[in-house]
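[1] here's a sequence, model it:
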Amino acid sequence: MATLARYTARTATAVALACAFAAQAAPNLVSNGSLTAETVNNGVPASWMALLGTPDVMDAFNNVGLPNTQRFGAAPASASPDGGTWVGLGVNSEQKYTERFGQTLTGLAVGQTYQVSWFEGNFGYNYGSVSYLGSNAIEVLLNGVSLAKGKTLGLDSNWSSESFSFIATSSSVQLAFQLASMEKSYLSIDGIAVTTAAPVPEPATYALMGLGLIGLSLVARRRAR
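    Model (predicted):
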């Protein structure tokens with residue numbers, strides 16, 4: 001009896017560790033979610049497509065992707081929590097102009113819940129008579145349909161984060177980002193990830209967990225005698 005109790009208790013511990021590791025190791029379905037690239041005006045990182053307008057690849061020293069250009073409305077206090085380069089998205093209400101970029105995700109499990117997350121900031125653009133300093137939010141679209149809009153950001157030097165969930169209805173989907181309104185503004189996005197929101201254990205894992213719980217119960221009863 002003591003041997004069984006020790007075995008099942010160890011099994012429960014092993015299963016718990018395995019489940020915790022699986023949750024932490026959930027893969028990012030987005031390719032190049034860090035938006036790593038050379039800074040460039042009118043361009044997007046590898047694995048991404050410009051779907052509307054001309055998004056830019058930038059960093060804290062190259063506003064709108066222009067070399068050594070410090071034309072921020074509010075200079076970023078730092079690189080995003082993801083580091084490196086990021087993508088800038090603008091809208092111009094006067095010209096009815098907007099920018100959108102995205103990529104197609106594959107390998108989704110129909111019926112599975114996924115979480116899409118990113119970092120964002122509103123650092124704007126300001127140069128002479130040209131200014132993009134308004135408040136706006138980043139909107140995420142799936143197959144061209146709005147999934148959600150992040151919080152509205154006013155001009156600021158700091159980064160914040162967003163996350164939303166969706167249930168996959170097909171094995172592939174086009175993920176895209178743009179600004180939510182036509183107020184003249186220019187926002188930044190980085191660290192894009194799509195991961196399973198709640199990994200479902202396999203039947204064998206449930207069986208091991210059951211054995212573990214039985215073992216813990218036996219240990220508790222033996223100590224109570």
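[2] ok, for the residue nearest to the spatial centre of the chain, nearest residue in space, not its chain neighbours?
    The centroid of the chain falls nearest to Ser117 when counting by CA atoms, centre = their mean (2.5 Å). Once flanking residues are discounted, Ser117 sits nearest to Ser163: 3.8 Å by CB to CB, 6 or more residues apart in numbering. Every residue, glycine included, has its C-beta placed from N, CA and C.
[3] name the next helix or strand downstream of the strand or helix carrying that neighbour, please.
    According to DSSP states H and E, Ser163 maps onto strand 160-167. Next in sequence after strand 160-167, counting helices and strands by DSSP H and E, comes strand 172-179.
[4] hey, what's Asn126 bridged with?
    Beta bridges link Asn126 to Ser131 when assigned by DSSP bridges.
[5] how near is it to Tyr186?
    With the distance defined as CB to CB, to the nearest Å, Asn126 ends up 9 Å from Tyr186.
[6] what's near enough to touch the nearest residue to Lys96 once chain neighbours are set aside?
    Closest residue to Lys96 apart from its sequence neighbours, by CB to CB, 6+ apart: Met182 at 7.0 Å. Taking CB atoms under 8 Å, 6 or more residues apart in numbering, we find Met182 in contact with 91, 93, 96, 98.
[7] which SS class is Met182?
    At Met182 the chain is in coil, as set by DSSP: H, G, I helix; E, B strand; the rest coil.
[8] now it: how far from Ile167?
    Applying CB to CB, the value for Met182 to Ile167 is 30 Å.
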